[in-house]
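In: Show me how the following folds:
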Amino acid sequence: MDDSSYYEEIGKYSSPGKMEQKQMKAIEELITSEERYLTLLQLCATDIRNHLQSKQVPDLDLEGLFGNIDDVILVSSNLLKHLEDTATGNSDQLLLISNVFLTFKQELEDAYKGYCVNYDNILLLESIYKKNENILKEITESVKTVKSHTGAMTLTFYLVMPVQRILKYPLLLETIMKNTPQSDEGYEALEKATKAMQEVNININEYKGLKEVANKYIRAEHLSIMDSICRINPHSISKKASRLSQAIKHETGILPKTKDKDYDGMVKLFNIIEKDVSTLKKNAQHYLTNVEHFQQLNPCQDFSDLVDEHVAACYRGFIEKLYQQVIPEFKRRYKSIICEPLCVLASLFSGPQQLVRKHKDKMLDYEQIQEKIKQEGDASYDEKTAVKTYETLHSLLLTELPRFNRIVLQLQEQILQAIINIYRDLANNVLELINQYLHEFLPNHEYNSQQQTVETLEKSTVKLEEFSQIFESIMEQIIEQPLNQEKLNVLLKKYNSSKIYQVTSNISGSKDLDLTLQMGDFVAILQSTDTKGKANRWLVDSGGRRGFVPAGKLSPYQPEKEPGGNKDLLGSSLADIGDETNSRRRSCHLPETPLSLPPRTMRYQVIAAYHFAARGPHEANLQPGEAVTILEAHDKRGSTEWYLVEVNGQKGYVPSNYLTKVPVTGGRNSFAL
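Out: The predicted structure follows:
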């Protein structure tokens, strides 16, 4: 007779009362150990962490050191409460205990998954802090504050407890199950609970493995140039060539792509969210810059020729509070509540973006290996490892990307709500300020505000008309884009005018052979079909580069019937323009005395017509209306699509069609309303 059959025979004749006692002790051990465990966790999270927090130790990352211990405490306290409720001593106690663990399975997995995955970082931080005398001293003193309750001397004793506890649940349940007859009504439920806790530990280990793979590829993004060069070897070159070959087969239709609708949908949503957050961040930063520019303006405070001194004093008081209190407070809140969170939110996308790119590379490897297995029936060890890596990465993205998208959308919604609240507060503050000064202003006037408004508007109208005459004399000509005219002249020298077309809306090239053009650009039609014979994409010459553009965004060029008219107007003297202005003034019943304008010489200033953000150190930033000095009217390859310019002391290349010329007079280089 072997040992197993021997113990089975002993078990048949063992006292049922003795087995029941062991069962009760195992249940008691489960509940009391959970209570003791929760007490120690609370000491760690409250006494030790709060003591360290009160010390405000520099370079001490409490959030990283303690992880999500609060989540673990919450689920443990709820679990303990339900376990204590099952201690009824009735026959259904085992069934109740099993149901508790089955109910808390997902909560336990979520809480302990986060803690166990982060535990390696906790150990790393702890080892770093042990080398820092000041931090180590503060940690030791904090641990001593609870030493009388536990006798523990190190923080590691507390931090390792959640990792150990999640492993004990299936063992404790197994102990109860071993001392429960199979005929008991709660045995089957107890068996399910034990398997559920074992699955929790398996899932945590698998998730930890997924995270390790993710961290490996995320870290690769931050390699230095030298490290990247050192990674180049025959194997890596061969791998990249193989991936390129596979990608070409996909694009040419030789091989079908591996499609996963769920994954593709999640990645598409991820890209949309990333673009939205990036745009919102950029707009928020531009708006903050505009607010700062507005704050730097020096508003006119001398209205002696329009209103009396009391009104002017009220206005100056209003302006002072607006510029020194309301706007600075609004700017501070906007920066801290909107801009800074958006910057942090935008930075979160770099890791998932790297994983999505790696997934694409690994998918190409996976497809090649699967093709080889179909042909040869087997694969090498490295190839099987590559397949496993792809499956791991795919599983990770399917699990984590939806959560990431959901969380980012929630944060984005909160930021948008915060923007609305900040604007509402600004409007309320300004209205409150206006009402305050309006209340001071009205009682001290003999006539009503309507009469004063009419008189002020009449005086302002005269000044506005005088300013309009001067401004119209300078800006008689509509701002044109001579740079497009230069390109048009180049194209007309090479092609017949019937081949010339004009872009009706902005075109953003999405493929390598597509062109990116701005509305108003001129092109010459080379071929009214693409390489596949489709007539919706035309091959054009933009005066520098050749490529494809959508046919629906082009219209035939129509030459001006009287091209000399504009030139005559541009070359006309300011005296002639002044005569035309005077005739306009007389028709508007302005004062009979004509406004004398000094003779001025017409010349042009190159300015930025559109906003342009530099994408590298070789390019320059542009803001609409900024004065630009052209250094070279071409790039290093001789193309006129890019100009070398200097703007605000910064030199770099900008798109030539982002520039325009405006007429100026005398020593004025710019003007603004």
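
In: Next secondary structure element downstream of the helix or strand residue 467 falls within?
Out: Using DSSP states H and E, residue 467 falls within helix 449-474. Sequence-wise, the next helix or strand downstream of helix 449-474 (DSSP H and E) is helix 482-494.

In: which helices and strands does that next one pack with?
Out: strand 500-503, strand 522-527, strand 659-665 (3 or more Cβ pairs under 8 Å, 6 or more residues apart in numbering; DSSP states H and E). For the C-beta atoms, the positions are set from N, CA and C on the backbone; glycine is no exception.

In: and these, which one's lowest on average pLDDT?
Out: Across these, strand 659-665 has the smallest mean pLDDT, namely a mean of 68.

In: Run through the stretch 501-650 of the chain and note the low-pLDDT ranges.
Out: Applying pLDDT under 70 to the stretch 501-650 of the chain picks out residues 560-604.

In: again, 90 this time
Out: Applying pLDDT under 90 to the stretch 501-650 of the chain picks out residues 502-522, 527-537, 542-548, 550-618, 621-642, 647-650.

In: What of the stretch 51-200 of the chain?
Out: If you take pLDDT under 90 as the line, the stretch 51-200 of the chain has these spans: 51-68, 84-96, 113-114, 117-158, 177, 179-188.

In: Spatially central residue for the chain, please.
Out: Centroid-nearest residue in the chain, with Cα atoms, centre = their mean: residue 346, separated by 2.4 Å.

In: Read off the pLDDT value for it.
Out: 91.

In: element containing it?
Out: Using DSSP H and E, residue 346 falls in helix 340-347.

In: again, but for residue 258
Out: Counting by DSSP H and E, residue 258 is part of no helix or strand.

In: The stretch 251-400 of the chain: helices as residue ranges?
Out: 261-296, 309-321, 327-334, 340-347, 350-376, 381-441 (DSSP state H, counting those that start in this stretch).

In: Please name whichever of the ones you listed is nearest to residue 490.
Out: helix 261-296 (34.3 Å; Cβ to Cβ).

In: how distant is the closest one from the center of its chain?
Out: Put simply, helix 261-296 sits 6 Å off its chain's centre (Cα atoms, centre = their mean, to the nearest Å).

In: Compute the mean per-residue pLDDT across it, please.
Out: Here the average pLDDT along helix 261-296 is 90.

In: just the angle between that helix and helix 381-441, please?
Out: Angle, helix 261-296 to helix 381-441, by axes from the mean of the first three to the mean of the last three Cα atoms, to 10 degrees: 30 degrees.

In: Could you list the buried residues of helix 261-296?
Out: 263, 266-267, 270, 273-274, 277, 280-281, 284, 291 (16 or more other Cβ atoms under 10 Å).

In: Between those, which sits nearest residue 388?
Out: Out of the buried residues of helix 261-296, the member with the shortest distance to residue 388 (by Cβ to Cβ) is residue 263, at 17.6 Å.

In: Return the residues in contact with the residue lying closest to that closest one once chain neighbours are set aside.
Out: Leaving out its chain neighbours, the residue that sits closest to residue 263 by Cβ to Cβ, 6 or more residues apart in numbering is residue 398, at 6.1 Å. Counting by Cβ atoms under 8 Å, 6 or more residues apart in numbering, residue 398 touches 262-263, 266.

In: what is residue 655 paired to in the beta sheet?
Out: In this entry, residue 655 is beta-bridged to residue 642, by DSSP bridges.

In: Assess the claim that it and residue 639 are in contact.
Out: No: the pair residue 655 / residue 639 is not scored as a contact, 10.8 Å apart, by Cβ atoms under 8 Å.

In: still on that earlier bit, residue 255: which of the helices of the stretch 251-400 of the chain is closest?
Out: Nearest of the helices of the stretch 251-400 of the chain (Cβ to Cβ): helix 350-376, 7.4 Å.

In: And the closest one, what does it pack against?
Out: helix 187-220, helix 234-252, helix 261-296, helix 381-441.

In: Please repeat the previous calculation with a cut-off of 6 Å.
Out: helix 187-220, helix 234-252, helix 381-441 (3 or more Cβ pairs under 6 Å, 6 or more residues apart in numbering; DSSP states H and E).

In: Please identify the buried residues of it?
Out: For helix 350-376, by 16+ other Cβ under 10 Å, it's 351-352, 354-356, 358-359, 361-369.

In: Tell me the one of the residues you listed nearest residue 528?
Out: Nearest to residue 528 among the buried residues of helix 350-376, with distances taken as Cβ to Cβ, is residue 364, at 36.2 Å.

In: Pretty sure that closest one sits against residue 243.
Out: Yes: between residue 364 and residue 243 there is a contact under Cβ atoms under 6 Å: 4.4 Å.

In: what residues are shared contacts of these two?
Out: Common contact partners of residue 364 and residue 243 (Cβ atoms under 6 Å, 6 or more residues apart in numbering): none.

In: if we can go back for a sec, how near is the residue nearest to the centre of the chain to residue 275?
Out: Residue 346 sits at a distance of 11 Å from residue 275 (criterion: Cβ to Cβ, to the nearest Å).

In: and what of residue 31?
Out: Distance from residue 31 to residue 275, by Cβ to Cβ: 53 Å.

In: ditto for residue 505
Out: The value you get for residue 505 to residue 275, if Cβ to Cβ is used, is 20 Å.

In: Repeat that for residue 169.
Out: 44 Å.

In: Equivalent analysis for residue 75, please.
Out: Separation of residue 75 from residue 275 (Cβ to Cβ): 37 Å.

In: so who does residue 365 touch?
Out: With Cβ under 6 Å, 6+ apart, residue 365 has these contacts: residue 386.

In: If we use 10 Å, what do you get?
Out: 239, 242-243, 246, 383, 386-387, 389-390 (Cβ atoms under 10 Å, 6 or more residues apart in numbering).

In: next one: residue 324
Out: residue 295.

In: got it, and residue 606?
Out: So residue 606 contacts 482-483, 626-630, 643, 645, 647, 659-662 (Cβ under 10 Å, 6+ apart).

In: mind redoing it with 8 Å?
Out: Contacts of residue 606 by Cβ under 8 Å, 6+ apart are 627-630, 659-661.

In: Spell out for me the PyMOL command that would select the buried members of those residues.
Out: Only the buried entries of the contacts of residue 606 go into this PyMOL selection, using 16+ other Cβ under 10 Å:
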select buried, resi 628+659+660+661
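
In: Taking the contacts of residue 606 together, which two end up most distant?
Out: Checking the contacts of residue 606 with Cβ to Cβ, the most distant pair is 629 and 660, at 14.3 Å.

In: Output the helix or strand hosting residue 137 as CSV, restricted to C-alpha atoms.
Out: Here residue 137 sits within helix 133-144, counting by DSSP H and E. Below are the C-alpha coordinates for helix 133-144, written out as CSV (Å, rounded to 0.1, in the frame of the first residue of the first chain):
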residue,chain,number,x,y,z
GLU,A,133,21.4,59.5,4.3
ASN,A,134,18.7,62.2,4.8
ILE,A,135,15.9,60.3,3.2
LEU,A,136,16.9,57.0,4.9
LYS,A,137,17.0,58.8,8.3
GLU,A,138,13.5,60.2,7.8
ILE,A,139,12.1,56.8,6.7
THR,A,140,13.7,55.0,9.7
GLU,A,141,12.2,57.5,12.1
SER,A,142,8.8,57.1,10.5
VAL,A,143,9.0,53.3,10.8
LYS,A,144,9.9,53.6,14.5
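
In: And the contacts of it?
Out: 47-48, 51-52, 55, 57-60, 129-130, 152-155.

In: from the chain's centre, how far out does that helix sit?
Out: Using Cα atoms, centre = their mean, the offset of helix 133-144 from its chain centre is 38 Å.

In: For the following helix or strand past that helix, which outside residues touch it?
Out: As assigned by DSSP H and E, the chain's next helix or strand after helix 133-144 is helix 147-150. Applying Cβ under 8 Å, 6+ apart, the contact partners of helix 147-150 are 39-40, 43, 153, 157.

In: which stretches of the stretch 501-650 of the chain form helices?
Out: 563-571, 574-587.
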